[in-house]
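*Asks:* test case, fold it:
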Amino acid sequence: MVLNYIWIAFFLIAFIVACCKLIFAGDMEVFTEMINASFSSAKTAFEISIGLTGVLSLWLGIMKIGERGRIIQSFARLAAPIFSKLFPDIPKDHPVTGAIFMNISANLLGLDNAATPMGLKAMQEMQSFNPDKTTASNPMIMFLAINASGLTLIPISIMVYRSQMGAVNPSDVFLPIMLATFVSTLVAIIAVCIKQRINILQKELLLFFGGLGAFIGGIVWLFHSMEQENISLYSTLFANVLLFIIICSFILSGIRKKLNVYDVFIEGAKDGFHTAVTIIPYLIAILVGIGVFRASGAMDFIIEGMRIAVSSMGLDTEFIEALPTMLMKPLSGSGARGMMIDAMRTYGADSFIGRLASIVQGSTDTTFYVVAVYYGSVGIRNTRYTVSCSLLADLAGALTAVVMAYIFFS
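*Replies:* Residues are numbered from 1 along each chain as shown. Below you'll find the model as predicted:
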């Protein structure tokens with residue numbers, strides 16, 4: 001229901017803004033740009049879905065081997081003490097816990113190509129015991145909120161972009177990004193816990209978040225102890241080696257169970273193809289709405305309005321130039337990335353705005369993309385409070401990013 005209202009709002013606001021530009025500014029091209037944006041966005045959504053087909057088929061095939069080889073169940077037992085508290089409605093020892101564990105682990109390591117298939121597998125497993133097949137269940141909402149908050153330990157891609165844009169020290173945003181994304185994830189979990197009446201002060205959860213904070217501190221220490229030129233190299237090497245070890249361990253688990261691993265892989269890969277086709281209409285719908293909204297110029301009006309509001313309160317408006325990245329991040333990952341690169345190109349990679357845009361880009365994930373893809377894969381139409389909790393996490397991440405930028409770089 002929330003997505004329905006948001007989708008309608010995109011088109012209504014875009015139409016109103018376009019009419020104003022046509023009447024008051026004589027912009028004769030605005031409607032042409034909006035139509036072109038709708039076609040372009042639909043094409044992009046289809047290409048994304050098709051591009052996911054190979055990756056989904058690969059990883060759902062591997063996941064099927066791991067499931068039959070019982071290694072997924074081992075991950076489930078490992079994560080059970082924490083996940084039983086955050087996901088109390090998941091049946092005990094259900095294999096979905098292993099899929100959730102692997103999805104979150106892949107996100108932490110920045111392995112997006114592996115995280116999405118694992119996440120879709122988790123959604124399918126949760127749908128199997130969902131009493132209302134068109135409405136998001138409590139575990140689904142918690143899972144989506146955590147994914148949308150975008151907790152990532154090593155933002156490799158952002159450091160690469162900063163290096164390409166000429167930053168003297170591409171990794172100087174690492175610590176601010178780490179703190180911002182940790183805050184956004186914590187806010188997402190707390191918000192969902194409040195809605196679902198989950199006691200966040202349980203001993204297991206306090207120990208988990210305390211341990212995660214200590215682990216993040218250790219990563220920060222390791223990061224600062226390494227030579228600058230080796231950070232991206234070692235991070236990428238570690239992630240890829242770990243990924244290949246996971247693939248091999250799954251195959252070996254299948255061999256140990258005397259499975260025909262090839263046939264099992266094919267069975268899972270077929271599910272990947274079906275899933276990729278299923279999400280196409282959902283992704284087209286949300287990306288077309290966002291594309292029309294952007295092309296109408298509505299985003300520019302919002303930014304200028306916020307600039308005036310902040311200035312009228314006597315506050316510093318320097319951060320306003322990074323607002324395009326902040327506002328675009330929940331809507332479009334590629335759009336936000338483009339805004340970040342444009343900010344670095346315009347103001348400089350080592351400028352306050354360039355660094356702030358980089359921190360914002362790494363603080364959260366793309367909420368509407370995540371919701372459209374994950375819920376679309378299982379036919380969920382009523383998302384309940386998923387979007388509101390995820391956007392609250394986005395807001396927390398953006399505000400923390402601004403604070404971190406002023407603390408570290410102002």
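*Asks:* I'd like the next helix or strand past the helix or strand in which residue 179 is found.
*Replies:* Secondary structure assigned from DSSP states H and E places residue 179 in helix 174-195. The first helix or strand that comes after helix 174-195 along the chain, using DSSP H and E, is helix 203-225.
*Asks:* neighbours of residue 257, just the number please.
*Replies:* Using other C-beta atoms under 10 Å, residue 257 has 14 neighbouring residues. Backbone N, C-alpha and C define where each C-beta goes, glycine included.
*Asks:* whoops, residue 184 was the one
*Replies:* There are 28 residues near residue 184, going by other C-beta under 10 Å.
*Asks:* that older thread, quick check: angle from the helix holding residue 179 to helix 203-225?
*Replies:* Counting by axes from the mean of the first three to the mean of the last three C-alpha atoms, to 10 degrees, helix 174-195 points 170 degrees away from the direction of helix 203-225.
*Asks:* what's helix 174-195 packed up against?
*Replies:* Using 3 or more C-beta pairs under 8 Å, 6 or more residues apart in numbering; DSSP states H and E, the elements in contact with helix 174-195 are helix 138-149, helix 203-225, helix 352-363, helix 386-409.
*Asks:* can you give me the buried ones in the last one?
*Replies:* Within helix 386-409, the residues that qualify as buried by neighbour count (16 or more other C-beta atoms under 10 Å) are 386-387, 389-394, 396-405, 408-409.
*Asks:* in CSV, list the helices and strands packed on helix 174-195 along with distance to residue 65.
*Replies:* Conversion of those to CSV gives the following (distance: least, C-beta to C-beta, whole Å):
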stretch, distance to residue 65
helix 138-149, 23
helix 203-225, 29
helix 352-363, 33
helix 386-409, 31
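*Asks:* worst average pLDDT in those helices?
*Replies:* Out of these, helix 203-225 stands lowest, with a mean of 76 (criterion: mean pLDDT).
*Asks:* convert the C-alpha atoms of that one to PDB, please.
*Replies:* Listed in PDB are the C-alpha atoms of helix 203-225, where the atom choice follows Å, rounded to 0.1, in the frame of the first residue of the first chain:
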ATOM      1  CA  LYS A 203      21.500  -9.900  26.600                       C
ATOM      2  CA  GLU A 204      22.200 -11.700  23.300                       C
ATOM      3  CA  LEU A 205      21.400  -8.600  21.300                       C
ATOM      4  CA  LEU A 206      23.400  -6.300  23.500                       C
ATOM      5  CA  LEU A 207      26.400  -8.600  23.300                       C
ATOM      6  CA  PHE A 208      26.000  -8.900  19.500                       C
ATOM      7  CA  PHE A 209      25.900  -5.200  18.900                       C
ATOM      8  CA  GLY A 210      28.700  -4.600  21.400                       C
ATOM      9  CA  GLY A 211      30.800  -7.300  19.600                       C
ATOM     10  CA  LEU A 212      30.000  -5.800  16.200                       C
ATOM     11  CA  GLY A 213      31.100  -2.400  17.400                       C
ATOM     12  CA  ALA A 214      34.400  -3.900  18.700                       C
ATOM     13  CA  PHE A 215      34.800  -5.700  15.400                       C
ATOM     14  CA  ILE A 216      34.300  -2.500  13.500                       C
ATOM     15  CA  GLY A 217      36.900  -0.800  15.700                       C
ATOM     16  CA  GLY A 218      39.300  -3.600  14.900                       C
ATOM     17  CA  ILE A 219      38.700  -3.200  11.100                       C
ATOM     18  CA  VAL A 220      39.400   0.600  11.500                       C
ATOM     19  CA  TRP A 221      42.600  -0.100  13.300                       C
ATOM     20  CA  LEU A 222      43.700  -2.600  10.700                       C
ATOM     21  CA  PHE A 223      42.700  -0.100   8.000                       C
ATOM     22  CA  HIS A 224      44.900   2.700   9.400                       C
ATOM     23  CA  SER A 225      47.900   0.300   9.900                       C
END
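*Asks:* mind listing residues that contact stretch 84-97?
*Replies:* Counting by C-beta atoms under 8 Å, 6 or more residues apart in numbering, stretch 84-97 makes contact with 67, 72-73, 75-77, 79-80, 83, 100, 122, 125-126, 129, 137-139, 142-143, 189, 193, 198, 202, 204-205, all of which sit outside it.
*Asks:* now that stretch: buried residues?
*Replies:* 85, 86, 87, 90, 94, 95, 96, 97.
*Asks:* which stretches of the stretch 251-400 of the chain form helices?
*Replies:* For the stretch 251-400 of the chain, helices defined by DSSP state H, counting those that start in this stretch occupy the ranges 261-278, 280-295, 298-312, 323-328, 333-347, 352-363, 367-376, 386-409.
*Asks:* got the CA coordinates for stretch 67-77 in PDB?
*Replies:* Taking C-alpha atoms only, stretch 67-77 is exported to PDB below (Å, rounded to 0.1, in the frame of the first residue of the first chain):
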ATOM      1  CA  GLU A  67      21.100 -26.700   1.300                       C
ATOM      2  CA  ARG A  68      21.100 -30.400   0.200                       C
ATOM      3  CA  GLY A  69      24.600 -30.700   1.700                       C
ATOM      4  CA  ARG A  70      23.300 -29.400   5.000                       C
ATOM      5  CA  ILE A  71      25.900 -26.600   5.200                       C
ATOM      6  CA  ILE A  72      23.100 -24.000   5.200                       C
ATOM      7  CA  GLN A  73      21.700 -25.700   8.300                       C
ATOM      8  CA  SER A  74      25.100 -25.300   9.900                       C
ATOM      9  CA  PHE A  75      25.100 -21.600   9.300                       C
ATOM     10  CA  ALA A  76      21.500 -21.500  10.700                       C
ATOM     11  CA  ARG A  77      22.700 -23.100  13.900                       C
END
